[in-house]
Each structure stands twice: as C-alpha cells, then as structure tokens.
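Q: Following is a predicted model, sequence given first.
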Amino acid sequence: MDAVTRLAVRPTVTGCRGPAAVLATDTWCPVNSQDTAVHRDALPAYYFLRMGQPVGGAPLERFGDIFSGYFVAACAKHLGHAVRFGGPLVHHERNAHDLFADLAAELPAIRFMDELLEWLREFHLEGSDYREAYASLAHGLREFAEQARGPAWTQDARAFLHRSAHLMLTWLTAVRRVDGG
C-alpha cells in the first residue's frame, strides 16, 4: 500500500472476503511484491526494478515492485493470461514506517506513473512467450522514454526508464543463462 493511501485512509485490513478475483483484460491494478506468487513461466518478465536513481532531486524509491507488477501484467495480458488476487493469504505484520518519508520517496514515480501506464495500456507487445514479450517491453520503454512529453519527464525520469530497460534486458540474459538457453 502506498504512502498516499496510508496517510489519507489509514486502512486496517484483517482479511479477504469472497472468492478470488481475476482481472479482466481491460482492467489494470498495481501488484506489489508482498505476499505475491508468480507462475514459473512468467518469471522472466518479473524483474524487480532497481531503485535509488535520483529523479527531480530525490531518489526514486519504493516502487520497484509496482513497476514490476504492471510490466508482468502487461506481458500476461499480451499472452492471453491473467492476474489473480485471492488466497492463499498470509498474515503480514507491518513494520513501523515514517509515512511522510515514504511519500517523499514515492513522489518521483507518482509524478509520471499515470502517463507511463497510459502508454503501457496502449503499447502493442510482441512475442509468443514471456521472454520475448518482456524484451519487446524493454525496447518499447526505451522508445517511450524519448517520446514522453508531460511535465514529469525530466532528463532524470528519462534516464530512469533507459536504465530500467537496460537492466530488464540484462535480467533476461541472466534468465537465459540459468535456464540453459
């Protein structure tokens, strides 16, 4: 849960009622890395983006899992697969957080997330498996970094996307080596 929600709503979640939910193909939702399982076939498209790069004078932090969740979801949707929320569930004890510090770390990504997601929803991935789709996404991300025109798209933000795309492709190289092909 992001700092904005925790500051504004202060939710207390004690369980999940009802059956599991599978997102419709036109529905998008952030997927964090806590209490998350990823199908083995999708692992090549599930790289946790490296955080810490300065964007707008502050290090971009706390959104690596959010980017990763959206990116693997894009690949899944392209391949005719889906994202599912539901059991099995675990009890997750939150550690103490300075929510204002969390918010400051999240703001660089929040500034450009909507425009990035709009591009992601419209981008046409290529490939017949997760590796190919993720490579297509990484190459597309590089192109998007040069074309994005909103006020949040500073040189720092563009550099973050370029570095992320490079590391996504590096991840795929590592996956191929581990997988033997």
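A: On my side now, so go ahead.
Q: what comes into contact with the helix or strand where residue 4 lies?
A: If you go by DSSP states H and E, residue 4 is part of helix 3-8. Outside helix 3-8, the residues that touch it by C-beta atoms under 8 Å, 6 or more residues apart in numbering are 11, 62, 97, 99, 100, 102, 103, 105, 106, 110. For glycine as for every other residue, the C-beta is placed from the backbone atoms N, C-alpha and C.
Q: The helix or strand following it pairs with which strands, parallel or anti?
A: Moving toward the C-terminus from helix 3-8, the next helix or strand (DSSP H and E) is strand 21-22. Sheet pairing here is set by DSSP bridges, and for strand 21-22 it gives strand 84-85 (antiparallel).
Q: which element follows the helix or strand of the chain with the lowest mean pLDDT toward the C-terminus?
A: The helix or strand of the chain with the poorest confidence is strand 58-59; it has a mean of 88 (mean pLDDT, DSSP states H and E). Remark: after strand 58-59, the chain's next helix or strand is helix 64-78, criterion DSSP H and E.
Q: pLDDT weak spots in the protein?
A: 181 (pLDDT under 70).
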